[in-house]
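Chemist: Only the shape, not the letters, is given here:
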């Protein structure tokens, strides 16, 4: 029996979809534990590309069961579109997909309010998918959960009460038309009919699986530095992508966790607003974006690119308890004659001893770099560690030493076969 947490170690977009797909052939169950349809996990199978937003990436393996935990907020339209997309590609979900009855539902007013907030002065750089407003209602104890769909009278009551408040906000604050309560109630009743077969009590389901010595892989969305508590606040997501969120988002207790794997991109990227000490606003940054196809899987927005930040990833290793790391997109660096790695931050002439998460401090830091030679050699066909150029090996050993973890997987391209396991 093993229960492994797989966590994004930077600002998201580290390549979790591919790594989950690679690892899932040795697990019985893959569980998504937080976030919503703002995530985009990309899997490349041959010439076909699959982008998953809610359903765990393990769904591409026929013998893997996939679970969406209570920590995930679910947009009915996004979920049904994903189910239809996968079934249209011949991927069966019957008996393989389970959804927590305690997961909260994203409502139409959540998405509208999210978009209106993002169009104002205090932008965060969200995807506008209603994630934040849904979590706000969850913690304000006004949320609507999947279990509420089972009682239509109670569902109508909750939606009506919530919409009275939201329509007042939309009309008086934003100057927008009110939403129609009856059409929303009708839509969510129809959603209930379609997803009823997938709903289960996830903590009991997973506890039984652990008792039967089944192996479980828990998949997070976004990355550790977007964590609402431990990230670069306020430019963060509204949930806990860190490893601790895996327990609260599924009902699996911490005592059952056996290991934590960090997904680490060989350089650094960030989508949206927020501080980014190693960002390259120059030709090198543009080249990394082009070579790495750095555009958001969910929004298509160009990602900001920069040098690898070992100081940031070292902090991530600490707060997540990362045992081993999967290094992704190493091949993207193959065109560079030299590569810089940030090994620390300087602020007001002094080296910082700890990673600063406040916007005011991290926006002022000066990265301290060490420069390593590049390899300028195509590594996308390398099948083993020994086949990598010595400069690539030195780079990997350097970042592993600076970050304090052991490397177990190296990805040199988007396809399954472009993976080196150590």
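Modeler: Okay, I see it. Predicted model only: the values in this text are computed from it and were never measured.
Chemist: Would you mind confirming that residue 422 makes contact with residue 400?
Modeler: No. Using Cβ atoms under 8 Å as the test, residue 422 is too far from residue 400 to be in contact (10.6 Å). Heads up, the C-betas are built off the backbone N, CA and C, glycines and all.
Chemist: And residue 61, how far from residue 416?
Modeler: According to Cβ to Cβ, to the nearest Å, residue 61 and residue 416 sit 11 Å apart.
Chemist: what do those two both touch?
Modeler: residue 21 (Cβ atoms under 8 Å, 6 or more residues apart in numbering).
Chemist: out of these two, which sits in the busier spot?
Modeler: residue 61 (19 against 16; other Cβ atoms under 10 Å).
Chemist: Quick check: that one vs residue 362, distance?
Modeler: Distance of residue 61 to residue 362, computed by Cβ to Cβ: 39 Å.
Chemist: Can you point out the buried residues in the helix or strand that residue 185 is a member of?
Modeler: Following DSSP states H and E, one finds residue 185 within helix 181-195. By neighbour count with 16 or more other Cβ atoms under 10 Å, helix 181-195 contains the buried residues 181, 184, 185, 188, 191, 192, 195.
Chemist: Check which helices and strands the next helix or strand after it sits against.
Modeler: Later in the chain than helix 181-195, the nearest helix or strand by DSSP H and E is strand 199-200. Here strand 199-200 is seen to pack against strand 97-100 when contacts are counted using 3 or more Cβ pairs under 8 Å, 6 or more residues apart in numbering; DSSP states H and E.
Chemist: Touching the strand it packs on from outside, list them.
Modeler: 55, 59, 65-70, 72, 74, 83, 146, 195, 198-202, 205, 250.
Chemist: tell me how far that strand is from the chain's mean position?
Modeler: How far strand 97-100 lies from its chain's middle: 18 Å, per Cα atoms, centre = their mean, to the nearest Å.
Chemist: and if you look at stretch 277-287?
Modeler: 23 Å.
Chemist: Also stretch 87-104?
Modeler: The answer for stretch 87-104 is 19 Å, by Cα atoms, centre = their mean.
Chemist: Out of the contacts of strand 97-100, which sit inside helices?
Modeler: Among the contacts of strand 97-100, the members falling in helices (DSSP state H) are 83, 195, 202, 205.
Chemist: Looking at those residues, which is nearest residue 229?
Modeler: Checking those against residue 229 with Cβ to Cβ, the nearest one is residue 202 at 22.8 Å.
Chemist: Which other helices and strands does the longest strand along the chain contact?
Modeler: Longest strand of the chain, by residue count under DSSP state E: strand 338-347. Secondary-structure packing of strand 338-347 (3+ Cβ pairs under 8 Å, 6+ apart): strand 308-309, helix 310-320, strand 366-373, helix 390-403.
Chemist: Now residue 233. Nearest residue, chain neighbours left out?
Modeler: Once flanking residues are discounted, residue 233 sits nearest to residue 357: 6.3 Å by Cβ to Cβ, 6 or more residues apart in numbering.
Chemist: contacting residues around that neighbour?
Modeler: Contacts for residue 357 (Cβ under 8 Å, 6+ apart) come out as 230, 231, 232, 233.
Chemist: On the three-state scheme, the closest residue to residue 254 other than its chain neighbours is what?
Modeler: Nearest non-adjacent residue to residue 254, counting by Cβ to Cβ, 6+ apart: residue 247, 5.3 Å away. What DSSP: H, G, I helix; E, B strand; the rest coil gives for residue 247 is helix.
Chemist: pLDDT value on residue 247, please?
Modeler: Per-residue pLDDT puts residue 247 at 97.
Chemist: do the same with residue 122
Modeler: Residue 122 carries a pLDDT value of 62.
Chemist: do the same with residue 298
Modeler: Turning to residue 298, the model gives it a pLDDT of 63.
Chemist: The residue nearest to residue 233 in helix, strand or coil?
Modeler: Classification of residue 357 by three-state DSSP places it in coil.
Chemist: which phi and psi does it have?
Modeler: Main-chain torsions, residue 357, degrees, to the nearest 10: phi -100, psi -10.
Chemist: That one and residue 341, how far apart?
Modeler: With distances taken as Cβ to Cβ, residue 357 is found 21 Å from residue 341.
Chemist: Same question for residue 350.
Modeler: For residue 350, the distance to residue 341 - Cβ to Cβ - is 21 Å.
Chemist: now do residue 397
Modeler: In this view, residue 397 and residue 341 are 12 Å apart by Cβ to Cβ.
Chemist: Check residue 412 too.
Modeler: Residue 412 is 19 Å from residue 341, where distance means Cβ to Cβ.
Chemist: same thing with residue 207?
Modeler: 43 Å.
Chemist: How many residues are close by residue 332?
Modeler: 23.
Chemist: I'd say it and residue 284 touch.
Modeler: No. The pair residue 332 / residue 284 is not scored as a contact, 11.6 Å apart, by Cβ under 8 Å.
Chemist: Name the member of the ones in helices among the contacts of strand 97-100 with the most neighbours.
Modeler: Neighbour counts for the ones in helices among the contacts of strand 97-100 peak at residue 202, which has 25 neighbours (criterion: other Cβ under 10 Å).
Chemist: so what's that residue scoring on pLDDT?
Modeler: Reading off the model, residue 202 has pLDDT 97.
Chemist: bridging residues for the closest residue to it other than its chain neighbours?
Modeler: Spatial nearest neighbour of residue 202, excluding adjacent residues (Cβ to Cβ, 6+ apart): residue 100 at 3.9 Å. The partner list for residue 100 in beta bridges (DSSP bridges) reads residue 200.
Chemist: Relative to residue 57, how far out is residue 100?
Modeler: Taking Cβ to Cβ as the criterion, residue 100 is separated from residue 57 by 18 Å.
Chemist: out of these two, which sits in the more crowded spot?
Modeler: Higher neighbour count among residue 100 and residue 57: residue 100, with 30 against 27, using other Cβ under 10 Å.
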